[in-house]
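Undergrad: sequence-free structure coming up:
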């Protein structure tokens with residue numbers, strides 16, 4: 001993504017959030033499930049996700065990996081739930097995308113909340129009860145998936161109005177090309193008429209923005225993700241001496257994980273999402289297997 005597009009997206013997001021606060025747009029968003037209805041008018045020069053505008057020549061080895069991963073996903077889906085995976089190799093700029101459609105995000109939505117906060121940091125910092133509180137909330141939200149920290153940040157994005165704060169997150173997603181991502185409820189608000197959704201592709205794209213330094217406050221966010229305490233899925237599928245930065249998402253029937261993995265051959269970004277599960281323990285084990293499969297492939301180049 002070009003730097004000019006990133007700057008334009010940041011201005012669009014900040015401007016939209018300001019309009020929400022000044023215009024009284026604190027009404028509850030129109031409910032819907034697992035998909036974001038396109039706006040009547042797309043914002044001018046909406047940025048693309050942080051991926052190259054044109055794909056390089058295909059690497060046949062990635063086709064073989066895609067077949068291997070697809071066979072695993074089909075086997076898992078026959079046994080339990082629905083599955084999706086997306087892989088982005090930052091070195092070769094190749095991708096593997098299998099069923100990368102919108103699904104329940106669980107706590108993966110916190111990646112997008114974090115980036116929206118960073119683009120509106122002055123607004124959020126202005127509501128701190130002590131110096132450094134925003135940084136502490138971001139760290140808790142990303143490294144231990146603290147739901148109260150997330151809800152506090154969303155409220156502050158809306159200057160005390162949760163609906164306006166969620167609309168600000170959605171404006172950030174729209175301005176930056178994350179078309180599959182939508183925030184429709186606060187964390188743990190299971191009585192809401194809307195839900196939170198994203199795709200494995202969007203999660204890899206936002207992690208790529210953070211890794212490339214294109215996201216506002218990227219260094220702080222990357223540090224928080226490196227300090228992740230929940231490492232039993234994608235990180236558990238790579239050797240202990242391999243550095244990772246990840247964000248998980250869990251519900252009673254959902255197991256998700258999105259991670260940056262650094263190897264001697266360069267970094268890759270992997271997201272696995274699963275839903276409608278009856279056995280989450282088995283799903284976590286499957287994600288470890290998928291992670292091992294990708295790591296073995298990426299380190300044999």
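TA: Happy to help now that I have it. Values in this document were obtained by computation on a predicted structure and should not be read as measured data.
Undergrad: So for stretch 130-149, mean pLDDT?
TA: Averaging pLDDT along stretch 130-149 yields 98.
Undergrad: Tell me the buried residues in that stretch?
TA: 133-134, 137-143, 145-147, 149 (16 or more other Cβ atoms under 10 Å). In this view, the C-beta of every residue, glycine as well, is placed from N, C-alpha and C.
Undergrad: try stretch 206-222
TA: In terms of neighbour count (16+ other Cβ under 10 Å), stretch 206-222 has its buried residues at 206-211, 214-218, 220-222.
Undergrad: Of those, which is the nearest to residue 127?
TA: residue 217 (16.7 Å; Cβ to Cβ).
Undergrad: Could you export the buried residues of stretch 130-149 as a markdown table, including distance to residue 284?
TA: A markdown table is the format used below for these (distance: Cβ to Cβ, whole Å):
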| residue | distance to residue 284 |
| --- | --- |
| 133 | 33 |
| 134 | 32 |
| 137 | 27 |
| 138 | 26 |
| 139 | 24 |
| 140 | 23 |
| 141 | 21 |
| 142 | 20 |
| 143 | 19 |
| 145 | 15 |
| 146 | 21 |
| 147 | 20 |
| 149 | 24 |
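Undergrad: Show me these that map onto helices.
TA: The helices, defined by DSSP state H, take in 133, 134, 137, 138, 139, 140, 141, 142, 143, 147, 149 from the buried residues of stretch 130-149.
Undergrad: And residue 285, its phi and psi?
TA: For residue 285, the backbone dihedrals are phi -60, psi -40 (criterion: degrees, to the nearest 10).
Undergrad: can you give me the strands in this protein?
TA: Counting by DSSP state E, the chain has strands at residues 82-89, 95-98, 103-104, 197-198, 244-251, 254-263, 266-275.
Undergrad: and these, which is most packed in?
TA: Highest mean neighbour count of the strands of the chain: strand 197-198, a mean of 27 (counted as mean count of other Cβ atoms under 10 Å).
Undergrad: average pLDDT across that one?
TA: Strand 197-198 comes out at a mean pLDDT of 98.
Undergrad: picking up where we left off before, which one of the buried residues of stretch 130-149 sits closest to residue 281?
TA: With Cβ to Cβ as the yardstick, the closest approach to residue 281 among those comes from residue 145, at 18.3 Å.
Undergrad: Just name the shakiest helix or strand of the protein by mean pLDDT.
TA: Here the helix or strand of the chain ranked lowest by mean pLDDT, DSSP states H and E is helix 3-22, holding a mean of 55.
Undergrad: mind putting the ones in helices among the buried residues of stretch 130-149 in a markdown table, distance to residue 270 included?
TA: Shown next, in a markdown table, are those (distance: Cβ to Cβ, whole Å):
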| residue | distance to residue 270 |
| --- | --- |
| 133 | 32 |
| 134 | 29 |
| 137 | 27 |
| 138 | 23 |
| 139 | 23 |
| 140 | 24 |
| 141 | 21 |
| 142 | 17 |
| 143 | 19 |
| 147 | 24 |
| 149 | 25 |
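Undergrad: of these, closest to residue 239?
TA: Using Cβ to Cβ, residue 143 comes nearest to residue 239 of those, at 21.5 Å.
Undergrad: how about the closest one, what does it touch?
TA: 224, 225, 227, 228, 229 (Cβ atoms under 8 Å, 6 or more residues apart in numbering).
Undergrad: Give me the nearest residue to the third one, chain neighbours excluded.
TA: Pointing back at residue 227 there. residue 143 (4.6 Å; Cβ to Cβ, 6 or more residues apart in numbering).
Undergrad: Now do the contacts for the most centrally placed residue in the chain.
TA: The centre of the chain sits closest to residue 203, judged by Cα atoms, centre = their mean, with a distance of 3.4 Å. Taking Cβ under 8 Å, 6+ apart as the criterion, residue 203 is in contact with 86, 108, 111, 247, 258, 271, 273.
Undergrad: close enough to count as contact, the third one and residue 258?
TA: Yes. Taking Cβ atoms under 8 Å as the contact criterion, residue 111 and residue 258 are neighbours in contact, 7.0 Å apart.
Undergrad: Find residues that contact each of the two.
TA: Going by Cβ under 8 Å, 6+ apart, residues that sit against residue 111 and also against residue 258 are 203, 207, 247.
Undergrad: May I see the residues you listed arranged in a markdown table, with pLDDT and distance to residue 70 as well?
TA: A markdown table is the format used below for the shared contacts of residue 111 and residue 258 (pLDDT from 0 to 100; distance: Cβ to Cβ, whole Å):
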| residue | pLDDT | distance to residue 70 |
| --- | --- | --- |
| 203 | 98 | 19 |
| 207 | 98 | 22 |
| 247 | 98 | 24 |
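Undergrad: between the residues you listed, which is closest to residue 196?
TA: Nearest to residue 196 out of the shared contacts of residue 111 and residue 258 is residue 203 (Cβ to Cβ; 12.3 Å).
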